[in-house]
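> when you get a sec, could you give me coordinates for this:
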Amino acid sequence: MILDQILEHKKAELRHKNSRGYLANLKNKIRDAGPTMGFAVALDARRTATKPALIAEVKKASPSLGLLRPEFAQRFEPVTIAEGYRAHGAAAVSVLTDKDFFQGSLDYLADVKGKVGLPALNKEFMVADIQFYEARAYGADAVLLIVAGLERRQLIDFAALAKELSLDVLVETHHERELDIVLEWLPDVRMIGINNRDLKTFSTDLAVTFRLAKRIPGDKLIVSESGIHKRDDVVRLVEAGVHAMLIGESLIRAQDIGAKICELLGDDSKKEGA
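A predicted model of the protein is given here:
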């Protein structure tokens, strides 16, 4: 399974970062940084009864598709992409920082947060404490915890560390068993993500969201992730009680990113392009 490959590679990648000097440098950056922006608060403020809040993803490549646009081989401008997202109504951004599988970078996160100013999710495969200090030092306001890739004790400890660093947590689930773990072991978590992508086949199915959303208590923010391509998808998500949606590939691969956002949000007033 691709997730297992990524997690094993991530653990090996992080071994050289386990030094007191590196952690000390990160802590110095955090000390000099300003307060985080409320990621969950921003989603809550921007959602309406007919329109979920949009978390728009800055993403260069994926393991299944490679580069998402051919021109990214010569030029990838995460800040320009994120500015287009902000101009067309995104409530927050997600930035891929995994290097080897998604061609991401922590520097992309820092640049986007510093120059665009939207609340930012560090989209990374979290397997070690050091990554939370990296996320905070490079400007993240929230981090992702993937239930499928973590033991229960790790989930609890990582959620506590994120809180200590003033980072919001988006806990990602894929099926009922994972959702039950979250509701039992992380009862205070505010944001629950439902990933519509099968981590074995990489295919997507919005039925995953429709099925799991029914089981999530009303005090949670439900975030649907992956497989959202057209306005009808968004309408169906709203009907299912979804509060926010994380969209990457269908935006990045669109001919006109701004127009695509307007189409998804049902907003005809901003179709001048990005």
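> helices of the stretch 101-250 of the chain, start to end?
Per DSSP state H, counting those that start in this stretch, the stretch 101-250 of the chain carries helices over the ranges 106-116, 129-137, 152-164, 176-185, 207-213, 231-239, 249-252.
> could these go into CSV alongside distance to Asp219?
C-beta: built from backbone N, CA, C; applies to glycine. As requested, the helices of the stretch 101-250 of the chain are exported to CSV (distance: least, C-beta to C-beta, whole Å):
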stretch, distance to Asp219
helix 106-116, 28
helix 129-137, 25
helix 152-164, 16
helix 176-185, 11
helix 207-213, 14
helix 231-239, 18
helix 249-252, 29
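> distance between stretch 74-93 and the chain's centre?
14 Å (C-alpha atoms, centre = their mean, to the nearest Å).
> and the end-to-end length of it?
23 Å (C-alpha to C-alpha, to the nearest Å).
> same question for stretch 117-137.
First-to-last distance for stretch 117-137 - C-alpha to C-alpha - comes to 15 Å.
> could you give me the buried positions within it?
For stretch 117-137, the neighbour count (16 or more other C-beta atoms under 10 Å) marks 118-128, 130-137 as buried.
> and what of stretch 110-117?
Ala110, Asp111, Val112, Lys113, Val116.
> which residues are contacting it?
Identification of contacts with stretch 110-117 by C-beta atoms under 8 Å, 6 or more residues apart in numbering yields 58, 78-79, 82-83, 85-86, 93, 95, 118, 120, 138-141.
> and the pLDDT for Val41?
With respect to pLDDT, Val41 scores 98.
> can you confirm it is in a helix?
Yes - assigned with DSSP: H, G, I helix; E, B strand; the rest coil, Val41 falls within a helix.
> relative to Leu183, how far out is it?
22 Å (C-beta to C-beta, to the nearest Å).
> re earlier: can you redo the helices of the stretch 101-250 of the chain as CSV with distance to Glu225 and mean pLDDT?
Shown next, in CSV, are the helices of the stretch 101-250 of the chain (distance: least, C-beta to C-beta, whole Å; pLDDT from 0 to 100):
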stretch, distance to Glu225, mean pLDDT
helix 106-116, 18, 98
helix 129-137, 18, 98
helix 152-164, 18, 97
helix 176-185, 13, 97
helix 207-213, 8, 97
helix 231-239, 11, 97
helix 249-252, 11, 96
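> quick one: closest of those to Ala24.
Evaluated over the helices of the stretch 101-250 of the chain, closeness to Ala24 peaks at helix 129-137, with 9.9 Å, by C-beta to C-beta.
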